[in-house]
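A.B. asks: Any chance you can model this:
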Amino acid sequence: MTIYFDTLPSGIKVLTEEIPTIESVSVGVWIGVGSRNENKKESGIAHFLEHMAFKGTEKRSALQIAESIENVGGFINAYTSKEITCYYAKILKDDLPLAVDILSDIISNSVYKKEEIEREKGVILQEIGQIRDAPDEFIFELLQKEAFSDTELGRSILGTVDNVSSFKRDDFIRFIKNNYFSDRMVVCGAGNLNHHELCTLAEKFQPVEGDNHKLEPQKIPFLGGEKRVEKDLEQAHFAIGFEAPSNRSPQLYAGKVFSVLMGGGMSSRLFQEIREKRGLCYSIGTSFDGYSDIGMLLCYSGTAGEKIKELSEVIAIEFNRSVTDITEVEVERAKTQLRASLLMSLESSSSRSERLARGLIIWERIVEVQETISKIDDVTLQDVKDFGSVIFNDPSPAMVLYGQVSAAPKLNEFCSKLQN
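C.D. replies: Predicted coordinates for the structure are as follows:
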């Protein structure tokens, strides 16, 4: 398995991992553009644009796009995050030219018909409603807003009902011209393919030029605060987030190890103490969300309304204890989990292409698997304790409570348990 990299004259980067022993290819275009590139009036347009890419081009209707890829047994999809938009497909090796042709067509030649825009507005409004009806999903949108206020990182990727309802064809074209620059694009494939062939096929993407597109986004401060939404639900939902290092920070992997040992599995501290020993919840977990200049360590759980006070207090106490009594055994187990997760993901060509493309966008270079493993291996017990000590020392976390939360402690009460 060999990795190749080239930059086309247009500025588009082409990255491949040739795996001749399999029959399939995962290919896509990753663009360093997401909801963070929107202003307030545009909030939601990056995600809406991703939807519209599949609604018809100059040479294919929406049905023809779907049929073209499914006629050969492949699939095509896309996603939008805060800082990246991706359009990707998986096909058999002989169908790579078709997949790239479709991907370049939907990105470069979408027509944005008025009737399709109006129809898709209804779809996205249903998506917004679906999230709001799922407390264990909606709470994370509330947490982002509490952490980063009404900023590019705090606003929902889906946008608002008013914004989505107002978008017109010119808004999509303007957003593309202002953001979809060629040097932000990575065409990446993994599987049974040839690098030089993919380079030739990638020339189908029409370059978009712009000025100063290498500028870093303005740093957004982590504000923190408390949001309580009392609602007649079966459960009380709890989420807490702490400012953490960015994806580019030397402390990134210490943060990932900390997150795994605190709430990354059945052996984690929070799972054992809160679910297994106390029976306070069904699910509890932590995660580490990283961006280019900031990150957030967050924890989520749900419980009965009368148990929310105990649940949140135990979480604070466990975070407090971790700074002093994390053990070498726990750190090594968390590191093993991270390594195993990475290595097992390599069995998927889709995961391989995703890892390579995201790495090139985030770090602007190819990140070999062994380099990532080495960085995980290098994390020490003291690194993990130091990570916890820094983020919990004089913290200003974001806390969101949703549902039967009248018994839940205030944020200052949570913080006092955290620091006692």
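A.B. asks: Near the closest residue in space to Val111 that isn't next to it in sequence, how many residues? Count them for me, please.
C.D. replies: Nearest-residue entry for Val111: Gly56, 5.5 Å, with adjacent residues in sequence omitted and distances by Cβ to Cβ, 6 or more residues apart in numbering. The C-beta positions use only the backbone N, C-alpha and C, and glycine is treated the same way. In terms of burial, Gly56 registers 21 neighbours under the definition other Cβ atoms under 10 Å.
A.B. asks: same thing with Val379?
C.D. replies: Applying other Cβ under 10 Å, we find 23 other residues in the vicinity of Val379.
A.B. asks: My reading is that Ser301 lies in a strand. Confirm?
C.D. replies: Yes: using DSSP: H, G, I helix; E, B strand; the rest coil, the secondary structure at Ser301 is a strand.
A.B. asks: so it bridges to which residues?
C.D. replies: Phe238, Ile284 (DSSP bridges).
A.B. asks: Which pLDDT does the model give it?
C.D. replies: At Ser301, the predicted lDDT confidence score is 97.
A.B. asks: For it, which residues are in contact?
C.D. replies: Residues near Ser301 by Cβ atoms under 8 Å, 6 or more residues apart in numbering: 237-238, 270, 274, 280-281, 283-285, 311, 315.
A.B. asks: May I see those residues organised as a markdown table, with distance to Gly32 added?
C.D. replies: Below are these laid out as a markdown table (distance: Cβ to Cβ, whole Å):
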| residue | distance to Gly32 |
| --- | --- |
| His237 | 33 |
| Phe238 | 34 |
| Leu270 | 34 |
| Ile274 | 38 |
| Leu280 | 41 |
| Cys281 | 38 |
| Ser283 | 33 |
| Ile284 | 34 |
| Gly285 | 29 |
| Leu311 | 39 |
| Ile315 | 35 |
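A.B. asks: Farthest pair within those?
C.D. replies: Of all pairs drawn from those, the greatest distance, 15.4 Å, lies between His237 and Leu270 (Cβ to Cβ).
A.B. asks: which ones are touching Leu193?
C.D. replies: By Cβ under 8 Å, 6+ apart, the residues touching Leu193 are 16, 18, 25, 27, 93, 96.
A.B. asks: what about 7 Å?
C.D. replies: For Leu193, the set of contacting residues under the criterion of Cβ atoms under 7 Å, 6 or more residues apart in numbering consists of 16, 18, 25, 93, 96.
A.B. asks: again with Gln206
C.D. replies: Applying Cβ under 7 Å, 6+ apart, the residues contacting Gln206 are Ser108.
A.B. asks: In the stretch 1-150 of the chain, what residue spans correspond to strands?
C.D. replies: All strands of the stretch 1-150 of the chain, identified by DSSP state E, counting those that start in this stretch, fall at 2-7, 13-18, 24-31, 75-80, 85-92.
A.B. asks: So what angle separates the directions of the third one and strand 75-80?
C.D. replies: Meaning strand 24-31. Here strand 24-31 points in a direction 30 degrees away from that of strand 75-80 (axes from the mean of the first three to the mean of the last three Cα atoms, to 10 degrees).
A.B. asks: which residues of the stretch 251-400 of the chain fall in strands?
C.D. replies: According to DSSP E, counting those that start in this stretch, the stretch 251-400 of the chain carries its strands in the segments 284-290, 295-303, 398-403.
A.B. asks: And the ones you listed: which comes nearest Leu198?
C.D. replies: Go through these one by one with Cβ to Cβ and the one that ends up closest to Leu198 is strand 284-290, at 28.5 Å.
A.B. asks: helices and strands around that closest one, which ones?
C.D. replies: Using 3 or more Cβ pairs under 7 Å, 6 or more residues apart in numbering; DSSP states H and E as the contact test, the elements touching strand 284-290 are helix 252-263, strand 295-303.
A.B. asks: Adding distance to Asp394, write the ones you listed out as JSON lines.
C.D. replies: Listed next are those as JSON lines, based on distance: least, Cβ to Cβ, whole Å:
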{"stretch": "helix 252-263", "distance to Asp394": "18"}
{"stretch": "strand 295-303", "distance to Asp394": "15"}
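A.B. asks: Check what contacts stretch 123-136 and list those residues.
C.D. replies: For stretch 123-136, the surrounding residues in contact (Cβ under 7 Å, 6+ apart) are 48, 51, 137-138, 141, 158, 161, 164, 233, 237, 302, 402-403.
A.B. asks: Repeat the analysis, applying 6 Å as the threshold.
C.D. replies: Under the contact criterion Cβ atoms under 6 Å, 6 or more residues apart in numbering, stretch 123-136 has outside partners 137-138, 158, 164, 237, 402.
A.B. asks: In a markdown table, list those residues along with distance to Arg248, pLDDT and neighbour count.
C.D. replies: Written out in a markdown table, the entries for the contacts of stretch 123-136 read as follows (distance: Cβ to Cβ, whole Å; pLDDT from 0 to 100; neighbours: other Cβ atoms under 10 Å):
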| residue | distance to Arg248 | pLDDT | neighbour count |
| --- | --- | --- | --- |
| Glu137 | 28 | 95 | 12 |
| Phe138 | 30 | 96 | 19 |
| Leu158 | 27 | 98 | 22 |
| Val164 | 32 | 98 | 22 |
| His237 | 32 | 97 | 25 |
| Tyr402 | 32 | 97 | 24 |
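A.B. asks: need the contact list for the spatially most central residue of the chain.
C.D. replies: When Cα atoms, centre = their mean is applied to the chain, the residue found nearest the centroid is Ser81 (5.3 Å). The neighbours of Ser81, taking Cβ under 6 Å, 6+ apart as the test, are Gly34.
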